[in-house]
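> sequence and predicted structure, then a few things I'm wondering about:
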Amino acid sequence: MSTRTIAVVTAGLSQPSSTRLLADRLAEATDRALRLYDERTELVVVDLRELAHDVTDHLLTGFPSPRLADALDTVAKADGVIAVTPVFSASYSGLFKSFFDVLEDGALEGKPVLVAATAGTARHSLVLEFAMRPLFSYLRAVVVPTAVFGATEDFGSNAAGVLSERVERAARELAGLVVSDRSGTSVDPFENPTPFEELFSAR
Amino acid sequence: MQIGIFTVGDVTTDPTTGRTPTENERIKATIAIAKKAEEVGLDVFATGEHHNPPFIASAPTTTLSFIAAQTERLILSTATTLITTTDPVLIAENYAKLQHLSDGRVDLMLGRGNTGPVYPWFGKDIRDGIPLAIENYHLLHRLWREDVVDWEGKYRTPLQGFTSTPRPLDGVPPFVWHGSIRSPEIAEQAAYYGDGFFANHIFWPKEHTERMVSLYRRRFEHYGHGSADQAVVGLGGQVFMRKNSQDAVAEFRPYFDNAPVYGHGPSLEDFTAQTPLTVGSPQQVIERTLGFREYVGDYQRQLFLMDHAGLPLQTVLEQLDILGEEVVPVLRREFAALKPAHVPDAPTHASLVAAAGGPTTSTTHATDEVTGRTVEENR
């Protein structure tokens, strides 16, 4: 039995937040799904509301504050990521995007990511397919097939395709990718620099 | 330990008065600042190079030779010379000429430049930044060491039988520092040649500097130039001082809050904690600066940024007085006491000539030591 770290990035702004609520449900379901593989789960929540100023400062200065650096490091080193945003103006929120804008290049390469979003109405649900999925594809993450959308009405419904079923399915898919991940760790260019002769001949 | 100042030549509105200096005022102020640096006993003045507003830092060798003519001891350097977009042939010529005019008081720091549009203006692509730095410096290195050069590379017209003139003073090229904030390739390049490595250090957390210098030192030893602690390291620094630290903070805050690069972002207090910026009393600056060697080891050159963000000339000159009178003498004494004997000082023209076994009068008529040909034979 090993421990898998799942970073839960949530961009909800209100307290309590339905985005955070959905993130927590996805995290719990992922924990349960990983147990079926005999894996322990360490869940680390990155609540972007607490980092909003730090994210903006990073955009302006080019480097993270110590606590933002911790959060970015958590995401970069996680075995899997659950990324949840509220829908603002037909897309992910600016804060959500800014966080991934300041993440180091390559930090999500090959990493399993479950994407989810919340909004007042299900009419926004395709945000997951036309905004979230392309964003994480660009970042070279492996996005799980089931993206989870939670509209306000989902929190009081047991109709077919209820939210809990989608949560469980997406969590199973994430857990499956996490346990089968063979991408390994990347090479640290400071520990293993490219020798000069190679730099010279590669130009 | 060489201690000096470096400038990027920004033309910035003074946020306390709303007044923006003219280009002419800023250019003349740069000269006044350099002369003041010598007057208060600093060792080095370095100017940046920019080819876009709001900077007046184009044509760096024009500025440096004008300063050279009005100073006696000051070492003239750059921070940085754009090795990516400047033809290495022109760098070889311009800085060798400056060497002759200044009697060897010149070295230079090479950087890639981070302003995207500058690259296409000079027919280059920022995505080739690293390979440009690698190839262009390789050519520059040869132009200063071989009297007659045949060259073919990817980024410039080939050269057949080319002699860069004037030849370096006393047959010894200017010492070169390579500067980079976070590209391991540049630390590797500096180590390969046994050149100096300069960490900008300011505006960024010390971890970047620590990581780069550590890599450079390790690879310097790997390439056989000496032990890791004998590698030649320079650091930037950024300070604002008044006798009472509260006065320094109150006076500098509007400049900080509105500064290019980091303004309108983190608080002065956060930025001071997270980067090497020190705003306070001379004693605070001394303590912070002496602390740098704890994470980079014994190093050879410390340059301070003193004149940016719209600070008026008068204020900058006062800062240099404080630096020269109260800070530098203590730093020199303390750094010297801490430095082990086997750690070298920063190379100067005199030390490089001595290391080469004395001056060689190199003219274009001499036999090339590498090719064994003269220019005439080559034609």
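That came through fine.
> count of neighbours near the residue of the stretch 1-150 of chain B found nearest chain A?
Nearest to chain A, among the residues of the stretch 1-150 of chain B, is residue B:131, at 3.5 Å (CB to the nearest CB). From N, CA and C alone the C-beta is placed, and that goes for glycine too. Other residues within reach of residue B:131, judged by other CB atoms under 10 Å in any protein chain shown, total 19.
> just the element for it, please.
For residue B:131, the host element (DSSP states H and E) is helix B:129-145.
> any idea of the mean pLDDT for that helix?
Mean pLDDT, computed over helix B:129-145, is 98.
> cool, and stretch B:78-98?
Rounded mean pLDDT across stretch B:78-98 is 98.
> would you mark the buried spots in it?
B:78-86, B:88-89, B:91-98 (16 or more other CB atoms under 10 Å in any protein chain shown).
> likewise for stretch B:24-36?
B:26-27, B:29-30, B:33-36.
> CA atoms only for it, dumped as PDB, please.
Only the C-alpha atoms of stretch B:24-36 are listed here, as PDB (Å, rounded to 0.1, in the frame of the first residue of the first chain):
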ATOM      1  CA  ASN B  24      18.900  64.300 -22.100                       C
ATOM      2  CA  GLU B  25      18.600  64.800 -18.400                       C
ATOM      3  CA  ARG B  26      18.700  61.000 -17.700                       C
ATOM      4  CA  ILE B  27      21.700  60.500 -20.000                       C
ATOM      5  CA  LYS B  28      23.600  63.300 -18.200                       C
ATOM      6  CA  ALA B  29      22.500  62.000 -14.800                       C
ATOM      7  CA  THR B  30      23.900  58.700 -15.700                       C
ATOM      8  CA  ILE B  31      27.300  60.300 -16.200                       C
ATOM      9  CA  ALA B  32      27.000  62.300 -13.000                       C
ATOM     10  CA  ILE B  33      26.200  59.100 -11.100                       C
ATOM     11  CA  ALA B  34      29.200  57.200 -12.600                       C
ATOM     12  CA  LYS B  35      31.600  60.000 -11.700                       C
ATOM     13  CA  LYS B  36      30.100  60.100  -8.200                       C
END
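> hmm, who's touching that stretch?
B:5, B:7, B:9, B:11, B:21, B:45, B:47, B:56, B:63, B:66-67, B:70-71, B:74, B:306-307, B:313, B:316-317, B:320-321 (CB atoms under 8 Å, 6 or more residues apart in numbering or on different chains).
> now, of those, which are buried?
B:5, B:7, B:9, B:11, B:21, B:45, B:47, B:56, B:63, B:67, B:71, B:74, B:306-307, B:313, B:316-317, B:320.
> ok so, going back, cross the buried residues of stretch B:24-36 against helices and list the overlap.
B:26-27, B:29-30, B:33-36 (DSSP state H).
> pretty sure residue B:295 sits against residue B:206.
Yes. Using CB atoms under 8 Å, residue B:295 is in contact with residue B:206, at 5.9 Å.
> which one's more surrounded, these two?
Remark: of residue B:295 and residue B:206, residue B:206 carries more neighbours, 18 against 13, as counted by other CB under 10 Å.
> just the ones of the buried ones among the contacts of stretch B:24-36 in helices?
Going by DSSP H, the helices hold B:63, B:67, B:313, B:316-317, B:320 from the buried ones among the contacts of stretch B:24-36.
> need those in TSV with pLDDT and distance to residue B:225, can you?
Listed next are these as TSV, based on pLDDT from 0 to 100; distance: CB to CB, whole Å:
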residue	pLDDT	distance to residue B:225
B:63	98	32
B:67	98	31
B:313	98	41
B:316	98	37
B:317	98	39
B:320	98	34
